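**Student:** Okay, sequence plus prediction incoming.
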Amino acid sequence: MLTIGIAGGTGCGKTTVVNQITGQLSDSEVGVISQDSYYRDLSELSYEERCKINFDHPRAIDFELMRSHLEALRDGRPIEQPVYSFKEHNRTDETIRTEPRKVMIIEGILIFTHPEIRDLFDIKIFVHADSDERLIRRLRRDITERGRDLDEVIRRYQDTLKPMHDQFIEPTKEFADIIIPNNKYNTVAIDIVRTIIAEKIALP
Ligand SMILES: Nc1ncnc2c1ncn2[C@@H]1O[C@H](COP(=O)(O)OP(=O)(O)O)[C@@H](O)[C@H]1O
Ligand SMILES: O=c1ccn([C@@H]2O[C@H](COP(=O)(O)O)[C@@H](O)[C@H]2O)c(=O)[nH]1
């Protein structure tokens, strides 16, 4: 199995890049796992308490579960991937059965902060977009898709998102094998990654 990690700050375009990479590839050969699935289960907290959680700190992520899932896939075993709700700030009761594939892509803001998770990636890609661009994209996306309002996004950006990005996420750029500049759509970089994956898939 070829394991590709795709990191970068919120709104840099990780999900978009993953969709562009996997667009014309077969689902049976390339799978995608999002770090969002591994936000800790917060069911014991009220909705109001969950709203106050710092979701941009590495401790918000259940890296143990992520590691055991990645190792299971690598060993050829399927996993039950949790499903996360951004609207509820919590895991749902659902899981998605995910079968091992020739290529697995894992994307998320914090996946390169954990040394043992980092070591599981054959290729590490960091997607870069400037912070003003990321904030604009996040505002648009969170208001239209994640049930937030302007005040919520700005408050979270100032209180946790920007400081956590500077402390934990940006420094992991140095671990990347490839940095994709994504202030604008970057078809050249996407083609390069697709070529690497196509070669892997072509192997018996
Ligand atoms: N290169 C780009 N140019 C303009 N908008 C983009 C670009 N890449 C992504 N977006 C938009 O920005 C928003 C956030 O992108 P997304 O892929 O969800 O980022 P991430 O997964 O890194 O948080 C989405 O609405 C997406 O359509
Ligand atoms: O319940 C939650 C969990 C996370 N977030 C925010 O999501 C982003 C990470 O997702 P991207 O798709 O990479 O943007 C992170 O910055 C968290 O602040 C949330 O708002 N609510």
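**Tutor:** Sure thing, it's come through. Ligands and ions are numbered 1, 2, ... in the order given.
**Student:** Flag every residue of this structure that's near ligand 2.
**Tutor:** Listed as neighbours of ligand 2 in the chain under the rule C-beta under 6 Å from any ligand atom: 10-11, 14, 39, 55-56, 86, 89, 109, 156, 161. C-beta here means a position set from N, CA and C on the backbone, and glycine is covered the same way.
**Student:** Give me the lowest-pLDDT entry from those.
**Tutor:** Ranked by pLDDT, the residues of the chain next to ligand 2 bottom out at residue 86 (92).
**Student:** quick one: contacts for that residue?
**Tutor:** By C-beta atoms under 8 Å, 6 or more residues apart in numbering, the contact list for residue 86 reads 36, 142, 145-147.
**Student:** Out of the residues you listed, which comes closest to residue 130?
**Tutor:** residue 142 (18.2 Å; C-beta to C-beta).
**Student:** Which residue lies closest in space to the closest one, excluding its sequence neighbours?
**Tutor:** Excluding its sequence neighbours, the residue lying closest to residue 142 (C-beta to C-beta, 6 or more residues apart in numbering) is residue 148, at 4.1 Å.
**Student:** Am I right that the one you found sits in a helix?
**Tutor:** No - counting by DSSP: H, G, I helix; E, B strand; the rest coil, residue 148 falls outside a helix, being coil.
**Student:** What is the neighbour count of it?
**Tutor:** The local packing of residue 148 (other C-beta atoms under 10 Å) involves 18 other residues.
**Student:** That one against residue 140, yeah?
**Tutor:** No - under the criterion of C-beta atoms under 8 Å, residue 148 is not in contact with residue 140, lying 10.7 Å apart.
**Student:** next helix or strand past the helix or strand harbouring residue 134?
**Tutor:** Secondary structure from DSSP states H and E places residue 134 in helix 131-145. Counting by DSSP H and E, the next helix or strand C-terminal to helix 131-145 is helix 150-156.
**Student:** remind me, longest strand of the protein?
**Tutor:** Longest strand of the chain, by residue count under DSSP state E: strand 90-98.
**Student:** now the helices for this structure?
**Tutor:** For the chain, the helices defined by DSSP state H occupy 14-22, 47-51, 63-74, 115-118, 131-145, 150-156, 162-164, 187-202.
**Student:** Good, we can wrap up now.
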